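1. Turn this into a structure:
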Amino acid sequence: MQREFGARGLQALACDFTEDALQNLPGFLQKLQPPFPVGFAPRDAANSYLQISVMNPGYVPKLVLIDRAGVIRYQYDGGDPFFQFGTERALREKIEELLGPAKAPAAPKAGAAKKPAAPARK
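-> As a prediction, this is how the structure comes out:
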């Protein structure tokens with residue numbers, strides 16, 4: 001989805017906040033080569049940012065959708081029904097909602113001179 005929606009403003013990120021993140025990330029990155037940034041953070045920092053209580057940390061993975069203003073709009077734990085059926089379709093709908101309608105390519109300005117084609121090389 002990063003490749004599909006990136007030009008419209010989607011920026012996917014992944015963050016490992018387990019105790020063994022530093023050991024696991026190199027293998028993960030080498031094996032999957034994700035097309036988006038991947039990092040790590042201490043669990044307390046991640047929970048604080050996501051406003052997750054240490055008394056009820058929930059399940060992993062966690063999917064968080066943040067709007068263009070930096071506001072968390074949707075947040076799902078691994079045990080959430082969101083992950084059970086039709087996750088890809090539901091995720092696409094949320095992404096489309098946050099990105100807004102796709103814009104048509106800009107038309108050339110009226111009266112703009114076209115660049116002449118380069119001569120063919122032999």
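
2. mind checking pLDDT for the residue nearest to the spatial centre of the chain?
-> For the chain, the residue nearest the mean C-alpha position is Ala12 (2.0 Å; C-alpha atoms, centre = their mean). In this model, Ala12 is scored at 96, pLDDT.

3. next structured bit after the lowest-mean-pLDDT helix or strand in the chain?
-> Taking mean pLDDT, DSSP states H and E as the measure, helix 43-49 is the helix or strand of the chain with the lowest mean score, a mean of 90. Past helix 43-49, further along toward the C-terminus, the next helix or strand under DSSP states H and E is strand 62-66.

4. quick one: contacts of whichever helix or strand comes after that following strand?
-> Elements were assigned by DSSP H and E; along the chain past strand 62-66, the next helix or strand is strand 72-77. The list of residues contacting strand 72-77 from outside it, by C-beta atoms under 8 Å, 6 or more residues apart in numbering, reads 50-51, 58-60, 62-67, 82-83, 94, 98. For every residue, glycine as well, the C-beta is placed using N, CA and C.
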